[in-house]
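Novice: can't give you the sequence, but here's the structure:
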Ligand SMILES: C=C(OP(=O)(O)O)C(=O)O
Ligand SMILES: [Mg+2]
């Protein structure tokens, strides 16, 4: 094993044009890893804290870097991450910033993989990982916090459940994205793109359902395998706490009505996946919906769980959801993210590894998904910062199958 010899931090741009933290980690034996923090727009209230990048960098340089350089073995990821937590000294990384923490954590993992001469997924997951690729969930239409004047539901996601391999799945999602554009054009609906590259037309959710259904059906016919679709409702963003109702474009729904509405959508559109259908504090509502439809769709907690094992434990006790979204920057380190995946799997919850709406070219989550054997990854359908991860999955698949 080799010690961390140097940690360098800098500000770079993310896909929204905002500044974010990038970390370089070098080892005494000459290993090198580089990683950058992503950033959310529809962030959960209970996420680890992202600081202004310049503050995060200054604080990490003062508190974390001296504890790592010359002191921690780079291949001991748990020790790297424990050291980051100890240097921070808070529960939510509010001292050094989850953006500094996650960039260093991921860069250290890459440096360790470099030292080993192994791909990152193998360093993180072990010699026997790589046979299974995750199914990509591709965002094709969206609004909410990711685009102004578009759908109320944040994400309509293509789910190529029948794809024989990850390459066909990735190509199918891109084809659905293209088909959605053509169907919008047929209706004379102009559409720009939201933060994740999904089309962001000024239409109501009902019309979006029609279009996405038609697009997935048509591409499924062309590709010859089943493509379903799913949603990230991001309901915490539409929940009005004072009036205790969910606010859509032209209507509002009480919690009971919201549960009924989402359950009806699951059956009407045979949805494969529903993320954050209820507010981030509503474990009970999640449990009720899971009871109703959890046998036929994934009910996934993103803002509900925020990749936090304590919140996931509460969910497991109450039967809330049957799936968890895993975003390393929501919790701050790779070790914490892997803990969340393992607890989920032990309890029959399906982990979905995920990007953020603000991304970089970093591909760590593609490797994390393969390393943990996660059945799904959510990382967009098009756009350079999204295809960076999707293309990496294609390369990993080819590497493993020696095509
Ligand atoms: C990826 C998402 O968006 P953000 O990064 O804005 O939280 C999400 O809500 O799942
Ligand atoms: Mg979400």
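Specialist: Yep, that arrived. No experiment lies behind these values; they were computed from the predicted model shown. Ligands and ions are numbered 1, 2, ... in the order given.
Novice: residues from the stretch 101-250 of the chain in reach of ligand 2?
Specialist: residue 232 (C-beta under 5 Å from the ion). Every C-beta, even on glycine, is put in place using the N, C-alpha and C of the backbone.
Novice: any idea where the helices of the stretch 101-250 of the chain begin and end?
Specialist: Secondary structure of the stretch 101-250 of the chain by DSSP state H, counting those that start in this stretch: the helices cover 120-125, 166-186, 205-223.
Novice: now for these, which one comes closest to residue 269?
Specialist: Nearest of these to residue 269, taken as C-beta to C-beta: helix 205-223 at 6.1 Å.
Novice: Contacts for the closest one, please.
Specialist: Contacts to helix 205-223, defined as C-beta atoms under 8 Å, 6 or more residues apart in numbering, come from residues 140-141, 151-153, 156, 158, 160, 162-163, 168, 171-172, 175-176, 179-180, 183-184, 187, 201, 203, 226-229, 248-249, 265, 269.
Novice: quick revisit: out of the helices of the stretch 101-250 of the chain, flag the one nearest residue 393.
Specialist: Using C-beta to C-beta, these put helix 166-186 closest to residue 393, at 4.9 Å.
Novice: Which stretches in the stretch 51-200 of the chain count as strands?
Specialist: 135-142, 155-159, 191-193, 199-201 (DSSP state E, counting those that start in this stretch).
Novice: Format these as CSV; extra columns: mean neighbour count.
Specialist: Output for the strands of the stretch 51-200 of the chain, formatted as CSV (neighbours: other C-beta atoms under 10 Å):
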stretch, mean neighbour count
strand 135-142, 29
strand 155-159, 29
strand 191-193, 16
strand 199-201, 26
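Novice: Quick one: those as JSON lines, columns for distance to residue 68 and mean pLDDT too.
Specialist: Output for the strands of the stretch 51-200 of the chain, formatted as JSON lines (distance: least, C-beta to C-beta, whole Å; pLDDT from 0 to 100):
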{"stretch": "strand 135-142", "distance to residue 68": "34", "mean pLDDT": "98"}
{"stretch": "strand 155-159", "distance to residue 68": "36", "mean pLDDT": "98"}
{"stretch": "strand 191-193", "distance to residue 68": "39", "mean pLDDT": "96"}
{"stretch": "strand 199-201", "distance to residue 68": "41", "mean pLDDT": "97"}
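Novice: Nearest approach to residue 364 belongs to which of these?
Specialist: Closest among the strands of the stretch 51-200 of the chain, once you apply C-beta to C-beta, is strand 135-142, at 15.7 Å.
Novice: what helices or strands is the closest one leaning on?
Specialist: On a contact count with 3 or more C-beta pairs under 8 Å, 6 or more residues apart in numbering; DSSP states H and E, strand 135-142 meets strand 155-159, helix 166-186, strand 199-201, helix 205-223, strand 376-378.
Novice: quick one: contacts of the longest one?
Specialist: Contacts to helix 166-186, defined as C-beta under 8 Å, 6+ apart, come from residues 133-136, 138, 140-141, 158, 160, 163, 190-191, 197-199, 201, 211-212, 214-216, 218-220, 222-223, 225, 227, 381-382, 390-391, 393-394, 397-398.
Novice: do you know how far the residue in the stretch 201-350 of the chain positioned nearest to ligand 2 is from residue 394?
Specialist: Using C-beta to the ion, residue 302 is the residue of the stretch 201-350 of the chain that sits closest to ligand 2, at 3.5 Å. Distance of residue 302 to residue 394, given as C-beta to C-beta, to the nearest Å: 25 Å.
Novice: Any buried residues in stretch 200-217, and which?
Specialist: When burial is assessed from 16 or more other C-beta atoms under 10 Å, stretch 200-217 yields the following buried residues: 200-205, 207-209, 211-213, 215-216.
Novice: in the stretch 251-400 of the chain, what spans have low per-residue confidence?
Specialist: Of all residues in the stretch 251-400 of the chain, none has pLDDT under 70.
Novice: Within range of ligand 2, give me the residues from the stretch 301-403 of the chain.
Specialist: Counting by C-beta under 5 Å from the ion, the residues of the stretch 301-403 of the chain close to ligand 2 are residue 302.
Novice: which residues in the stretch 301-403 of the chain form helices?
Specialist: Under DSSP H, counting those that start in this stretch, the stretch 301-403 of the chain gives helices at 309-318, 328-331, 334-346, 364-372, 384-401.
Novice: Which of the ones you listed has the highest mean neighbour count?
Specialist: helix 328-331 (a mean of 29; mean count of other C-beta atoms under 10 Å).
Novice: and that one, what other elements does it pack with?
Specialist: helix 98-116, helix 334-346, helix 364-372.
Novice: Tell me which of those sits nearest to ligand 1.
Specialist: helix 364-372 (11.0 Å; C-beta to the nearest ligand atom).
Novice: Run the chain-centre distance for the closest one.
Specialist: 11 Å (C-alpha atoms, centre = their mean, to the nearest Å).
Novice: likewise stretch 173-190?
Specialist: 24 Å.
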